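Engineer: Test case, fold it:
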Amino acid sequence: MGATALADNAYLKRRSSRKSNLWYVRVPVPKDLQEILRKRTIERPLKTSDINEARRRKHPVLMEILEGFERARGRRITSADIEHEAQRFLRERLEQIAMRSDDTFTMLTDVNGNDLELAGDSVLATLREELEQEDWSSSAVREADKIARQYGVTPIKSQRDELCRALQLAEIEALSRALSIHKGGVPEPISVLNARAVDPLTAIVSPRALLAPRQGEGVRVSEAAKSYFADRNRQRSSALTGQTTNQSRATLRLFSEFTRDAPLSAIKRRDVADFLSNLARINPSYGRRSSAKKLKFDELLKKYPTSAGHDLGDKTLNRHAAVIAGMFDWAITSGTLEGANPATESAGRNTTSPMICERRP
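Structural biologist: Here you go, the predicted model:
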């Protein structure tokens with residue numbers, strides 16, 4: 001059997017019985033997804049005993065299975081996401097301590113009225129003991145469940161432990177900082193809460209490839225982009241050329257993926273700047289690869305990382321910013337969105353002048 005025939009038979013398996021010899025598609029589940037999907041292999045019947053017909057039917061079935069793998073990966077919360085959420089939780093806990101200071105700074109006493117320690121010191125000791133035993137606090141577990149629902153994921157055990165550990169550390173950090181200041185000390189700058197988010201080579205926190213899911217009403221990015229192009233192309237004076245249309249569609253597709261297709265009203269100026277900063281991390285040569293056109297934003301970052309001195313130039317980044325600014329200008333003018341354009345030079349006024357690219361480390 002030649003090489004071509006072997007390739008045609010890839011992922012095909014036959015099951016023999018007394019009545020039939022039917023062909024199946026059988027695909028091994030990647031190791032990183034086995035715990036999520038709870039399977040080692042996935043099988044789909046092709047409902048034919050003819051090998052040539054099985055080869056024809058295989059491809060759409062195989063594509064569906066592989067797309068399922070990508071969806072499963074896309075619904076995972078990353079270590080960088082966990083670091084971001086833990087830092088947010090830390091800030092919220094500090095605010096809560098400030099609002100209910102008596103819960104933390106009340107002096108505990110024994111039966112004879114002798115001072116023992118601050119209530120916060122007692123809680124801090126318990127949190128540290130729980131962290132050592134991986135017996136997560138109820139508040140960390142509640143917050144982990146809330147985050148999982150927000151991201152639309154069901155974390156596997158290792159991922160849940162990573163999330164709970166970071167949230168527990170956030171509680172400990174918030175409480176210890178508040179107690180230190182109360183006692184007259186000066187706390188150190190806030191450190192990383194999730195070690196797995198740190199790049200082992202640069203020792204800095206890896207940037208997030210996607211924004212956290214955004215809630216809100218109104219038109220989402222993908223819907224706005226579709227209507228924006230339809231409106232532009234109806235008007236001859238503002239119609240886009242073929243090449244410009246393709247480039248603009250690519251920009252807004254990537255922006256939609258980066259924002260997790262957030263409502264327009266939930267997108268802020270910083271979000272656009274973060275998108276441009278992440279875009280700058282992609283190697284400029286990615287556009288020459290036909291396969292890159294089908295890759296999602298986070299996949300592009302992984303497959304085509306930039307090398308030192310060869311990142312996307314400001315001119316290219318500002319072209320992307322202009323496309324995003326144009327869509328928001330259309331949304332505001334058409335009444336789809338109220339407020340300022342987050343992709344323009346001034347967040348306080350509406351203008352078609354795109355923001356100067358803001359790179360973030």
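Engineer: Excluding sequence neighbours, find me the nearest residue to residue 30.
Structural biologist: With CB to CB, 6 or more residues apart in numbering as the criterion, residue 30 has its nearest non-adjacent residue at 6.3 Å, and that residue is residue 69. Backbone N, C-alpha and C define where each C-beta goes, glycine included.
Engineer: Assign the one you found to helix, strand or coil.
Structural biologist: What DSSP: H, G, I helix; E, B strand; the rest coil gives for residue 69 is helix.
Engineer: Surely it touches residue 33?
Structural biologist: Yes - here residue 69 lies in contact with residue 33, judged by CB atoms under 8 Å, at a distance of 5.9 Å.
Engineer: So which residues of the chain form strands?
Structural biologist: When secondary structure is read from DSSP state E, the chain shows strands at 12-16, 21-28, 41-45, 107-109, 115-118.
Engineer: Can you tell me which of the ones you listed is nearest to residue 194?
Structural biologist: Among the strands of the chain, strand 115-118 comes nearest to residue 194, with 28.0 Å by CB to CB.
Engineer: Rounded mean pLDDT for that closest one, please.
Structural biologist: Per-residue pLDDT over strand 115-118 has a mean of 89.
Engineer: which residues make contact with it from outside it?
Structural biologist: Outside of strand 115-118, the residues within contact range by CB atoms under 8 Å, 6 or more residues apart in numbering are 104-110, 179, 182.
Engineer: Out of those, which one has the weakest pLDDT?
Structural biologist: The member of the contacts of strand 115-118 with the lowest pLDDT is residue 110, at 85.
Engineer: Run a quick neighbour tally on the spatially closest residue to residue 313 that is not a sequence neighbour.
Structural biologist: Of all residues beyond its chain neighbours, the one nearest residue 313 is residue 284 (7.5 Å), with distances taken as CB to CB, 6+ apart. Other residues within reach of residue 284, judged by other CB atoms under 10 Å, total 14.
Engineer: distance of residue 284 from residue 321?
Structural biologist: 16 Å (CB to CB, to the nearest Å).
Engineer: Same question for residue 21.
Structural biologist: As defined by CB to CB, residue 21 lies at a distance of 59 Å from residue 321.
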